[in-house]
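Undergrad: based on what follows, work out the 3D shape:
(one chain, ligands or ions: 3)
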Amino acid sequence: MTKLIKNGTIVTATDIYEADLLIQDGKIAVIGRNLDESGAEVIDATGCYVFPGGIDPHTHLDMPFGGTVTKDDFESGTIAAAFGGTTTIIDFCLTNKGEPLKKAIETWHNKATGKAVIDYGFHLMISEITDDVLEELPKVIEEEGITSFKVFMAYKNVFQADDGTLYRTLVAAKELGALVMVHAENGDVIDYLTKKALEDGHTDPIYHALTRPPELEGEATGRACQLTELAGSQLYVVHVSCAQAVEKIAEARNKGLNVWGETCPQYLVLDQSYLEKPNFEGAKYVWSPPLREKWHQEVLWNALKNGQLQTLGSDQCSFDFKGQKELGRGDFTKIPNGGPIIEDRVSILFSEGVKKGRITLNQFVDIVSTRIAKLFGLFPKKGTIAVGADADLVIFDPTVERVISAETHHMAVDYNPFEGMKVTGEPVSVLCRGEFVVRDKQFVGKPGYGQYVKRAKYGALMADQDVVKMS
Ligand code: URP
Ligand code: ZN
Ligand code: ZN
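TA: Residues are numbered from 1 along each chain as shown. Ligands and ions are numbered 1, 2, ... in the order given. The predicted model follows:
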């Protein structure tokens, strides 16, 4: 069935214009004014923007972590993502040392298959470089379309890899055409500081932030940039939280290095003082890197505006307060790190960014969708509104005012870190490959509809872009 979206204002990373969109076979077939309605289901988008579907480059769904498992799986997580205007996610596939990468990828496919309501891809965690890993990596790219590798520089004795592993991953990625992602914090020094804090009797959530100072994020970011330069490779720094890290990324980019940076909504609007909330509520705000002092927020907003940071990820890693965050009562190191953000990523950037004049409407689309598609091998199939692209679309009412709350969100967790925050703008309807997933704010999607997406190599366009023939 063809669909015709009429009377909306189309917004891409570069343009804003009034036009109708004709959707055929899941793709955008025609863009124009006063298109023929015959035979099409007409969707009226009067007063709304029509954006390319958001792409969330950073999610942890159904992931074992911190002695528990993230609460949102590929069903609840992607439903919440869709309500928030996201039509594709890229989730992190964890690996275990000594285990074939293929097995880890199979595990992640099993988590997502039959559950996801929107499209999804995987990044692959690299915890060691062995002959077996080196032999498997080309297949990971060619057969699985996984073209981004993640290295953790923190979480000592859990995920942390050493610098040699990071360097060899960068070298392999350059040869193979992949993008290396880093969690940049100095895990060894954090390990020392956390042990010392506990020895001194400091057990409250705020010590999570105090033992992971921004200098340690800046140092690790700078080290990763330096190793990227040496390897002549490409780097994407995830969840940048502070001025010190922005400075290192900007320095690398000024040298002409292929270094990219992502921040997250929590770092743009929340701050370190939230960790001091009474009754252990501070645990709800435990992320790594931690929330920073408020002045860092302006640095992050400016970095998004001037292009030193390019993307916004949710770092969706949700745990209930009851029973999960509470594991860390009496020992802040046992609080599972992370929070539920997938649903509010797009709206917060629109409301706090566009509406408050910090970024333009085109920048907003670039930051939540287009640039992510380009960096992670999804463009031009996804991330834009163009003839032949997937009809991944958000019909967005920019005027509606609402309050974020756990009572109305669609994530499976018992709190929302943005509880009570007023935002302007809301996705009304969301389509993935031409099918409604959310229609007039109601879920109409189907678990299992979401397709796994094999991504192109770093710097390449997606090869399977069909140009829809127009009659
Ligand atoms: O606190 C966080 N960020 N949890 C998710 C895992 C990670 O480090 O990205
Ligand atoms: Zn991380
Ligand atoms: Zn993460």
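
Undergrad: just checking, next helix/strand downstream of the longest helix seen in the chain?
TA: In the chain, assigned by DSSP state H, the helix with the most residues is helix 214-231. Using DSSP states H and E, the helix or strand that follows helix 214-231 towards the C-terminus is strand 234-237.

Undergrad: let me know the average pLDDT across that next one.
TA: What strand 234-237 shows for mean pLDDT is 98.

Undergrad: now for the helix or strand following it, which elements pack on it?
TA: For strand 234-237, the following helix or strand on the C-terminal side (DSSP H and E) is helix 243-254. Helix 243-254 sits against helix 214-231, strand 234-237, strand 258-263, helix 295-306, with contacts defined as 3 or more Cβ pairs under 8 Å, 6 or more residues apart in numbering; DSSP states H and E. C-beta: built from backbone N, CA, C; applies to glycine.

Undergrad: what helices or strands is the longest helix of the chain leaning on?
TA: helix 163-176, strand 179-183, strand 234-237, helix 243-254, strand 258-263.

Undergrad: contacts for it?
TA: 153-154, 163, 166-167, 170-171, 174, 180, 182, 184-186, 189-190, 234-235, 237, 240-245, 247-249, 251-252, 255, 257-259, 289, 292, 296 (Cβ atoms under 8 Å, 6 or more residues apart in numbering).

Undergrad: list only buried entries from these.
TA: With burial judged by 16 or more other Cβ atoms under 10 Å, the buried subset of the contacts of helix 214-231 is 153-154, 166-167, 170-171, 174, 180, 182, 184-186, 189-190, 234-235, 237, 240-245, 247-249, 251-252, 257-259, 289, 292, 296.

Undergrad: and the helices and strands packed on helix 214-231: which comes nearest ligand 1?
TA: Ligand 1 lies closest, by Cβ to the nearest ligand atom, to one member of those: strand 179-183, at 4.9 Å.

Undergrad: what's the mean pLDDT across the closest one?
TA: 98.

Undergrad: report the angle between the helix or strand following it and helix 214-231.
TA: Using DSSP H and E, the helix or strand that follows strand 179-183 in sequence is helix 187-199. Helix 187-199 runs at 160 degrees relative to helix 214-231, counting by axes from the mean of the first three to the mean of the last three Cα atoms, to 10 degrees.

Undergrad: buried residues of helix 187-199, list them for me.
TA: In helix 187-199, counting by 16+ other Cβ under 10 Å, buried: 187, 189-191, 193-194, 197.

Undergrad: let me have the residues you listed in a markdown table, extended by distance to Leu101 and pLDDT.
TA: Below are the buried residues of helix 187-199 laid out as a markdown table (distance: Cβ to Cβ, whole Å; pLDDT from 0 to 100):
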| residue | distance to Leu101 | pLDDT |
| --- | --- | --- |
| Gly187 | 22 | 98 |
| Val189 | 30 | 98 |
| Ile190 | 27 | 98 |
| Asp191 | 27 | 98 |
| Leu193 | 33 | 98 |
| Thr194 | 30 | 98 |
| Ala197 | 36 | 98 |
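
Undergrad: around ligand 1, pick out the residues from the protein.
TA: Within the chain, the positions near ligand 1 by Cβ under 6 Å from any ligand atom are 60, 183, 239, 287-288, 315, 317, 337-338.
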